[in-house]
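**Q** Just need the structure, nothing else, for what follows:
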Amino acid sequence: MSKKAAAGAMGPKVYVGLVRLLVPAGKAAPAPPVGPALGQRGLNLMDFCKAFNDQTKDFVEGTPIPVKMEAFSDRTFTFKIKTPQTSWFLKRAAGVAKGAATPGKETVGEVSLKHIYEIAKVKQQDMAHVSLENICSQIVEQAKNIGLKVTR
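**A** As a prediction, this is how the structure comes out:
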């Protein structure tokens, strides 16, 4: 008996699992990391790649976008894209490739409070229940942990 016959031809969708990926905007392809993650759950790679690339066409190409995908037993999926990681925004605003090897002792760059505020406005889309002031303070702390100096 096949899996479809066992579940019923039009059985209810049963949640199978959660897949978290970090995919460059506009560059989803059935190669790693997307291919192996979706292939082992039997999901259609090309459907995801087309839908993801369509949703991220307005982003700067190559921006790392976190994706949260729910897989179902009938081999369908839903996914939600989130805003890029805060560390990516901070490093881009400071113009550095990577953070300090020893944060706190070494400073690799600077970001202004204006940059912090703009990053917080973008990140607020994912954290609607947190105030903008709290998001700004979290970003300032993360900047210090990367080795960036926050200036006025």
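**Q** Regarding the spatially most central residue of the chain, what is its secondary structure?
**A** For the chain, the residue whose C-alpha lies nearest the mean C-alpha position (C-alpha atoms, centre = their mean) is Pro66; its distance is 1.4 Å. Under the three-state scheme (DSSP: H, G, I helix; E, B strand; the rest coil), Pro66 adopts strand.
**Q** what about it, distance to Cys136?
**A** 21 Å (C-beta to C-beta, to the nearest Å). (Each C-beta comes from the backbone N, C-alpha and C, glycine too.)
**Q** Please apply the same query to Gly99.
**A** Plainly put, Gly99 is 19 Å away from Cys136 if you go by C-beta to C-beta.
**Q** Then Lys98?
**A** Between Lys98 and Cys136 the computed distance is 23 Å (C-beta to C-beta).
**Q** and if you look at Leu22?
**A** Relative to Cys136, Leu22 is positioned 24 Å away (C-beta to C-beta).
**Q** Please identify which of those two sits among more neighbours.
**A** Higher neighbour count among Leu22 and Cys136: Cys136, with 18 against 13, using other C-beta atoms under 10 Å.
**Q** Next up, the contacts around the closest residue to the more buried one other than its chain neighbours.
**A** Closest residue to Cys136 apart from its sequence neighbours, by C-beta to C-beta, 6 or more residues apart in numbering: Ala120 at 4.6 Å. Shown in contact with Ala120 (C-beta atoms under 8 Å, 6 or more residues apart in numbering): 132, 135-136, 139.
**Q** packing partners for the helix or strand encompassing Leu90?
**A** For Leu90, the enclosing helix or strand under DSSP states H and E is helix 86-94. Packing contacts for helix 86-94, counted by 3 or more C-beta pairs under 8 Å, 6 or more residues apart in numbering; DSSP states H and E, involve strand 109-112, helix 113-123, helix 132-146.
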